[in-house]
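**Q** After the sequence you'll find the predicted model.
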Amino acid sequence: MPLSGDALSLYPATAHPPGEGMARTNYGFAKRQKEIERKKKQEEKRLRRQGKGKEDEEAAEGQSGDPQGPADTPAEKPSEP
């Protein structure tokens, strides 16, 4: 679109007149992406906490239940001849 003499004085050759040239920044898109990332982090944190709780319960069951590990082995080793 050619500019008239009046518009040329308002907009030098290096600048773009309104409505032409570079696209505007879409702040709504950036905000939405940031919100999605925040929710993703919160969900990962929630899952980590749930997993940690389950591990603690399993550890407590192992301690209060039948002993396992070294206690299952014989206390005395047979003597060698």
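**A** Here it is on my side, so go on.
**Q** give me the number of residues near R46?
**A** Neighbour count for R46, taken as other C-beta atoms under 10 Å: 10. Just so you know, the C-beta spots here come from the backbone N, C-alpha and C atoms, and that holds for glycine as well.
**Q** And for E61?
**A** E61 - counted by other C-beta under 10 Å - has 9 other residues nearby.
**Q** Report the separation between it and K54.
**A** Going from E61 to K54 by C-beta to C-beta, to the nearest Å gives 11 Å.
**Q** quick one: what helix or strand has E43 in it?
**A** helix 27-64 (DSSP states H and E).
**Q** Now that helix: average pLDDT?
**A** The pLDDT scores in helix 27-64 average 88.
**Q** So which bits of it are buried?
**A** Within helix 27-64, no residue is scored as buried using 16 or more other C-beta atoms under 10 Å.
**Q** other SSEs contacting it?
**A** If contacts are counted by 3 or more C-beta pairs under 8 Å, 6 or more residues apart in numbering; DSSP states H and E, helix 27-64 sits against no helix or strand.
**Q** got a list of what Q42 touches?
**A** Residues near Q42 by C-beta atoms under 8 Å, 6 or more residues apart in numbering: none.
**Q** Tell me how far it lies from E35.
**A** Using C-beta to C-beta, Q42 is found at 11 Å from E35.
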